[in-house]
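Participant: Fold the stuff below for me.
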Amino acid sequence: MEEAIWVAEFLLPETFCYGRTNKEYSHYIYRVAGAKTKKWQVQELGTIIEIRSTGSQSVIPPSRHPDGGMYFLQDSPDEFISLTKLDLERYCDEIAVAAIFLHYYPSAGSRHDFVHACTGALCHQRWPAEKIKRVMGAVLTVIQEEDDELDDRMNAVVNTIEKHDAGDRTKGFTTLQDWMSMPVISALRRWTQSGMHEGKMVTRPVLDDGPRAEPRATEFDEQLLEVPGLVGEISQWARKAQYLDQPIFSLASGIMCTALASCNHYVVQHWETPLQPYLMVTAGTGGGKNSVLGSVSEFTRRTGLDEVCFRGFQSYYAMLDILAEEGMACWLWDEAARYMANVRNTSGQDFTVLTHVISLYGAANQFVPGVPGRRQSIPSLDHPFIALLATAQPDALMEAITGAARETGFVNRFILMDTGDYFPQRNMRRTRVFPSSLKKHARALMAHEPVGDFTEIVFEDTDTYQRFDEFEESARRKSRNDETWARANQNALILAGIAAVGVDANRPVITADLARWAIRLVSWSNDCWASKLRYVARGQGYAEKNSLRIEAVISEPQKYIRQKMTAPQRVCIKNNMMPDAVLKRNTRNIEPRVREQIINDLLDSDVIGCTEAHDNTCYFRKSYD
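Facilitator: Numbering: from 1, shown residues only. I've put the predicted structure just below:
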């Protein structure tokens, strides 16, 4: 591939080299113990680069190539440089990646976004900054004849690395779908995995930017965003429509909307599992939670499902009456933690009814008897299909879980979609267009007539079935010490079934790829739950935790120097003072009233001081040496 030749001279160590007419510097010779012939190939591009070793042949100078060109020596060292097999393969990974970036480099427009996405993809794969700069530098050096804004592009590379290192969300492989096909992106993922092991670093160290109000969410693998069929289509639409770019939330929209469009017409074979998801979406203030609710609301309106989709009810009984009448409901449960916190009295009516609602999880293929009452009775329900999409702030959710939520089995029913403490970027390409193809696909799923009560979703083969069987056994063992795993396999079956009907409404099949995706997503969710519950179990009060968080941010302002801020604010931080605006941004999960009270307490106790500097109110840690 020509692009590989063009970038190789900037990425490979100098060694004996030769080429031929029209393909100079095409062959590099190294001494490598244990090297094996290996090709880096993509079907639509062909062979990008290859290692030829024992058993392979290469034509050498002064021979002639079959097309007539003569091979000749290049101006290069006369000796063969020695490399390890691992180092040579890593160099080839870099060349293959750079060649693909170069091949798909936009001829005009969107170049800045393309560079940002390429750099972000390498950041997500944990490549060291210098390695990213070297590869992207090779690409930009080759392309500079066509792109006269090289400095701007290189600045985009540096800025993207800095944003990623600061914990900000950056674009990556998912955004690259705007320019490349999925097979190409899959190849890029494989070839960039070597970056994870650079310098024997198997996992990227957590960046220390001060204590957090919540433990950082377990790292989310962006490959989980790549779902075929209707789930993927809705996710892409929701991501384009949302004001803030939270791809995890877009995936939640795709899962919930596809489940609603299935209209309780399906169960997963053998386990008889209905496609009835309970999703919990958590993020801090301004983290984009409401965009998920908005996406699902818009989808139901566009597809005629709005009559069974509700933001809330005047009473839980009213919701159950709707469910008894319609047989189907979607509860968009905003501020779920606040409601849970209000249901403290386990002997009260609200607790009884809420327990009943949550217990309807997985009961969409059953008859559920009612609950008689002196004043109001809970009606019996036949095949009650209720899907829950709840949102909450992390702190409030953890407080609620310490109370009534454990009594209701809240945790292990809900799939947690948690973004941690990250603050999302604005979606600069936002569009409100609802694709007609999406409406057509969704209505085709809604129009499916089940065979009997339900159409069975089958497994591709026995190995795929066995995968869930083994996951259930593993989850059962884990649940002895961690309640979050009690319904892990059931949630995985729900997700895999939803994705399967989104691919083929009439003959849904859970493939090996869908099985892996569902199990990985549920495992990630459970890890997030476990992380949060362990934090609660340590017994640290939330007032104390918030106070320590604010004190830590004020004490070490230099840790935030790389964040976006005004020039005067940056001067303050360089002088070890924390501007009030920067403090608020980095403690945004703490309620303003609580934050103000904590700051006043710290001032009263002489732990911190306050001053005016460069037109900013600033705080600083007092020293008593």
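
Participant: ok, residues contacting stretch 252-259?
Facilitator: Applying CB atoms under 8 Å, 6 or more residues apart in numbering, the external contacts of stretch 252-259 come out as 227, 229-235, 238, 275-277, 279, 281, 292, 295-296, 299-300, 330, 387, 389, 417, 442, 445, 494-495, 498-499, 501-502. Where C-beta positions appear, they are placed from N, C-alpha and C, glycine not excepted.

Participant: gap between that stretch and the chain center?
Facilitator: 15 Å (CA atoms, centre = their mean, to the nearest Å).

Participant: Show me the contacts of stretch 252-259 that map onto helices.
Facilitator: Taking DSSP state H as the definition of helices, these contribute 229-235, 238, 292, 295-296, 299-300, 442, 445, 494-495, 498-499, 501-502.

Participant: Assess the claim that Phe414 and Val281 are in contact.
Facilitator: No: here Phe414 lies out of contact with Val281, judged by CB atoms under 8 Å, at a distance of 9.7 Å.

Participant: Next, show the common contact partners of those two.
Facilitator: When contacts are counted by CB under 8 Å, 6+ apart, Phe414 and Val281 are jointly contacted by Ala390.

Participant: quick one, which of the two is more surrounded?
Facilitator: Ranked by neighbour count (other CB atoms under 10 Å), Phe414 and Val281 place Val281 first, with 30 against 26.

Participant: which residues sit against the longest strand along the chain?
Facilitator: Counting residues, the longest strand found in the chain (DSSP state E) is strand 23-32. Identification of contacts with strand 23-32 by CB under 8 Å, 6+ apart yields 2, 5, 8-9, 12-13, 15-20, 53, 58, 60, 69, 74, 80-85, 88.

Participant: The same query, at a cut-off of 7 Å, please.
Facilitator: The contact list for strand 23-32 (CB atoms under 7 Å, 6 or more residues apart in numbering) reads 5, 8-9, 12, 15-20, 58, 74, 80-83, 85, 88.

Participant: same check, this time on stretch 138-155
Facilitator: Stretch 138-155 is contacted from outside by 6-7, 10-11, 98, 101-102, 105, 111, 115, 137, using CB under 7 Å, 6+ apart.

Participant: Flag every buried residue along the helix or strand hosting Leu102.
Facilitator: If you go by DSSP states H and E, Leu102 is part of helix 85-103. In terms of neighbour count (16 or more other CB atoms under 10 Å), helix 85-103 has its buried residues at 88-103.

Participant: The helix or strand just after it to helix 85-103, inter-axis angle?
Facilitator: On the C-terminal side of helix 85-103, the closest following helix or strand by DSSP H and E is helix 111-124. For helix 111-124 against helix 85-103, the angle by axes from the mean of the first three to the mean of the last three CA atoms, to 10 degrees is 160 degrees.

Participant: what mean pLDDT does the next helix or strand after helix 111-124 have?
Facilitator: Using DSSP H and E, the helix or strand that follows helix 111-124 in sequence is helix 129-143. The average pLDDT for helix 129-143 rounds to 89.

Participant: angle of helix 129-143 against helix 85-103?
Facilitator: Going by the same axes, to 10 degrees, helix 129-143 makes 40 degrees with helix 85-103.

Participant: distance between helix 129-143 and the chain's centre?
Facilitator: 26 Å.

Participant: Tell me which helix or strand comes right after the helix or strand bottoming out on mean pLDDT in the chain.
Facilitator: Every helix and strand in the chain was compared by mean pLDDT, DSSP states H and E; the lowest is helix 406-407, with a mean of 50. Downstream of helix 406-407, the next assigned helix or strand under DSSP H and E is helix 410-413.

Participant: ok, back up a step: for the buried residues of helix 85-103, which one is nearest Gln242?
Facilitator: Distance ranking of the buried residues of helix 85-103 against Gln242, using CB to CB, places Phe101 first at 27.3 Å.

Participant: check contacts around the closest one.
Facilitator: Neighbouring residues of Phe101 by CB under 7 Å, 6+ apart: 118, 139.

Participant: Equivalent analysis for Lys478, please.
Facilitator: Trp485.

Participant: Pop out the phi and psi values for it.
Facilitator: Dihedral angles of Lys478 (phi, psi; degrees, to the nearest 10) stand at phi -70, psi -30.

Participant: how close does it get to Arg507?
Facilitator: Lys478 sits 34 Å away from Arg507, taking CB to CB, to the nearest Å as the criterion.

Participant: Mind putting the contacts of stretch 138-155 into a markdown table with distance to Leu305?
Facilitator: What follows is the contacts of stretch 138-155, written out as a markdown table (distance: CB to CB, whole Å):
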| residue | distance to Leu305 |
| --- | --- |
| Trp6 | 52 |
| Val7 | 50 |
| Phe10 | 54 |
| Leu11 | 53 |
| Ala98 | 47 |
| Phe101 | 42 |
| Leu102 | 46 |
| Tyr105 | 43 |
| Arg111 | 41 |
| Val115 | 41 |
| Gly137 | 51 |
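
Participant: Tell me which two of these sit farthest apart.
Facilitator: Greatest spacing in the contacts of stretch 138-155, by CB to CB: Leu11 and Arg111 (21.2 Å).

Participant: so Met577 touches His614, yeah?
Facilitator: No: in this structure, Met577 is not within contact of His614 by CB atoms under 7 Å, at 9.1 Å.

Participant: And those two? Which one has more around it.
Facilitator: Neighbour tally, Met577 and His614, criterion other CB under 10 Å: the higher count belongs to Met577, 23 against 15.

Participant: show me the contacts for the more buried one.
Facilitator: Per CB under 7 Å, 6+ apart, neighbours of Met577: 557, 613, 618, 620.

Participant: tell me which element the nearest residue to the second one once chain neighbours are set aside falls in.
Facilitator: It stands for Ala613. Nearest residue to Ala613 in three dimensions, chain neighbours excluded: Cys572, at 5.3 Å (CB to CB, 6 or more residues apart in numbering). For Cys572, the enclosing helix or strand under DSSP H and E is helix 567-574.
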